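Chemist: Based on what follows, work out the 3D shape:
(2 chains)
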Amino acid sequence: MPRAGNSLWEVMREKGYSRRDFMQFCTFAATAAGLGTNASAAVAKAFEKKDRPPVLWLHFQECTCCSESFIRASHPMVADVLLDAISLDYDETLQAAAGHQAEKCKADVMKASAGKYILLVEGSVPTKENGVFCMIGGRTAEDILKEAAAGAAAIVAWGNCASYGCVQAAKPNPTGATAIQKLVNKPVINVPGCPPIADVMVAIVTHILMFGRMPELDSQGRPKEFYSRRVHDTCYRRPYYDAGLFVETFDDDNARKGYCLYKMGCRGPLTYNACSVTKWNGGTSYPIQSGHGCLGCSENGFWDNGPFYRHLPSFPGFGIESTADTVGLTLGAAAAVGVAAHAVSTNIRKRKLIHDQVVEAVKDTPDSKEVE
Amino acid sequence: MPSTQTYRRLYVWEMPVRLYHWLNALAIAVLAVTGYLIGRPFTVGYAQEASFQYWFGTVRFLHFMAGYVFLFNMLVRTYWGFVGNRFASWDKFIPLNRQAWRDIVEVLRIDILQTRGTGPIHIGHNRLAGLIYFVTFFIFMFQGLTGFALYGPNSHSVFGNLAAWVVPLMGSEAVVRQWHHAMLWFYVLFTLVHVYLVFYHDYVEGRGTTSSMVGGWKFEREDRLDD
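Modeler: You can find the predicted model right below:
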């Protein structure tokens, strides 16, 4: 049942945490939200007084990698306590209740806390064939989403699925998988990634809890604190890019030297995410550091811009191996042949024309009679 | 058809038009070569530290610089389309009357059927060329917008921000980059056909088409000077 009504500090004290633990948590939370340690007092104040808002976590067309990422947030205090800090009242994968009990719990929250609860959505929503591709409790995902979104104070779209549609929405998108922001009439916080970085997810929830409002978003609805820079801009291999030193194959000497993976199809220059700053698994590493290019998993339609291991994507309609360059070169060669053929034909015709003109000119000149 | 003609020398291309043309040609050449390299760089490995080497950075710098030249050059030319002489005027690019379409058919007959021209064709841009340049301006605009949209995140440039809306419109930066790169080949094809047709028309018309873009002068038969 919803436990809203207790502030985080009260819940923590009840569970036996000390004041010091609480202050430490507030400092972590402030830092995770990008505020710096001097904001921890304000954070502590908020967590002492504010009621914990109930949270509903909906799962639609997804693989649960967002949830898996979330529960592996690297700041242990933040991760552990956040599940306490929020009152997670409905989450198919984490809740103890099942069946009608679970559905009743959700209905109760939506009724009791209308306009106050936070809605976290994982997965895209199918819209073709009346949405039969994803049904929960006999209702379509679209129906469930719209009902829950109506009374939500804030909506967060977890991962590329909920933000853009991800692999389900890749061409030809058989189920009509649709992003959350296209189905609800409210602003949605998009947290793309496949999955998003755990610490980023936690920081966004923390931000909403602390300030009671959305973080600042960019034009695509992504929080600016984490998605305003490209992976490329903060990549430690960037100097090799500027120097023009590239890995040519995954097993060459350049790969061993740790050169730039641009030519191996790295999508870092096109991808907005915090991977090269925050890193993964508690700041251990991120794909490029492990010698593999970025796949651009937080970008809209990244599945349709393959192959992943080539800089230039395939050109639509011309087969998997053809890039824009193959097509362009073919057209260029065809044009050159055409021009050459035209030039030859022109010269044949022109010779006749010049011949005619010379004959006429000779006829027209006053001296022509003498010539004859 | 009398063959001994009196030709009149006409000042067709004013200096700003010629300057635009050659600056544009230069900018496009730099953009095409550096753009191709950005899409398909090669590794330059020396026996020196990466910190002493910056060739790819330089290639990108040249591309961005040429992009700015291209943009401002285009803006000046657009302005000149409203204040320049009648050959430079904007309405020479859009076939708005029946005469213009007749001109286009005539040029197509000369170019494709290789007939000997029967009537006068426009002394400035022939109407077919004008129409093709008009289409080209849209491709220039597309390249400019996609280019600055991709450039935006690299800089705090106002021009980058002005084109920021292109990315969500086209889906993602990967799509923008794909089309920006593909359009490079339009310029290759355009240049090939454009240069050939200049020589061809010079050859069959004998009006000094090629040199006109250097000196500005063209030649027209006096009996056809009603245009």
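Chemist: and stretch B:109-129, is it in reach of chain A?
Modeler: Yes: applying C-beta under 8 Å from any C-beta of the partner chain, one finds that stretch B:109-129 is in contact with chain A at B:114, B:116. Every residue, glycine included, has its C-beta placed from N, CA and C.
Chemist: Can you give me the end-to-end span of stretch A:27-39?
Modeler: 8 Å (C-alpha to C-alpha, to the nearest Å).
Chemist: for residue A:301, what are its contacts?
Modeler: By C-beta atoms under 8 Å, 6 or more residues apart in numbering or on different chains, the residues touching residue A:301 are A:164-165, A:169-170, B:171-172, B:174-175.
Chemist: Just the buried ones from those?
Modeler: Among those, the ones that count as buried by 16 or more other C-beta atoms under 10 Å in any protein chain shown are A:164-165, A:169-170, B:172, B:174-175.
Chemist: ok so, going back, for residue B:116, state which of the contacts of residue A:301 is nearest.
Modeler: Sorting these by how near they are to residue B:116, with C-beta to C-beta, puts residue B:175 at the top with 47.6 Å.
Chemist: Quick check: that closest one touching residue A:296?
Modeler: No: Residue B:175 is not in contact with residue A:296 according to C-beta atoms under 8 Å; the separation is 11.4 Å.
Chemist: and the longest helix anywhere in chain B, what's its mean pLDDT?
Modeler: Of all the segments of type helix in chain B, defined by DSSP state H, the longest one is helix B:55-83. Mean per-residue pLDDT for helix B:55-83: 93.
Chemist: residue contacts, the residue of the stretch 251-372 of chain A found nearest chain B?
Modeler: Closest residue of the stretch 251-372 of chain A to chain B, C-beta to the nearest C-beta: residue A:328 (2.8 Å). With contacts defined as C-beta under 8 Å, 6+ apart, residue A:328 is in contact with B:182, B:184-185, B:188-189.
Chemist: what pLDDT, on average, does the one helix or strand residue A:56 maps to get?
Modeler: Counting by DSSP states H and E, the secondary-structure element that holds residue A:56 is strand A:54-59. Computed over strand A:54-59, the mean pLDDT rounds to 90.
Chemist: Could you name the helices and strands sitting against it?
Modeler: If contacts are counted by 3 or more C-beta pairs under 8 Å, 6 or more residues apart in numbering or on different chains; DSSP states H and E, strand A:54-59 sits against strand A:87-91, helix A:99-112, strand A:118-122, helix A:141-150.
Chemist: Run through who's touching the longest one.
Modeler: With contact meaning C-beta under 8 Å, 6+ apart, helix A:99-112 is reached by A:1-2, A:4, A:54, A:56, A:89-90, A:92, A:95, A:97, A:117, A:137, A:147-148, A:151.
Chemist: ok, which pair from the residues you listed is furthest apart?
Modeler: A:4 and A:137 (23.5 Å).
Chemist: ok, which residues in the stretch 251-372 of chain A are in contact with chain B?
Modeler: Neighbours of chain B within the stretch 251-372 of chain A, by C-beta under 8 Å from any C-beta: A:254, A:259, A:262-263, A:267, A:270, A:296, A:299-302, A:305, A:311-313, A:315, A:324-325, A:327-329, A:331-332, A:335-336, A:339, A:342-343, A:345-346, A:349-350, A:353, A:357, A:360-361, A:364-365.
Chemist: Which residue is the nearest non-sequential neighbour of the residue in chain B positioned nearest to chain A?
Modeler: Closest contact between chain B and chain A, by C-beta to the nearest C-beta, is at residue B:185 (2.8 Å). For residue B:185, ignoring the flanking residues on the chain, the nearest one in space by C-beta to C-beta, 6 or more residues apart in numbering or on different chains is residue A:328 at 2.8 Å.
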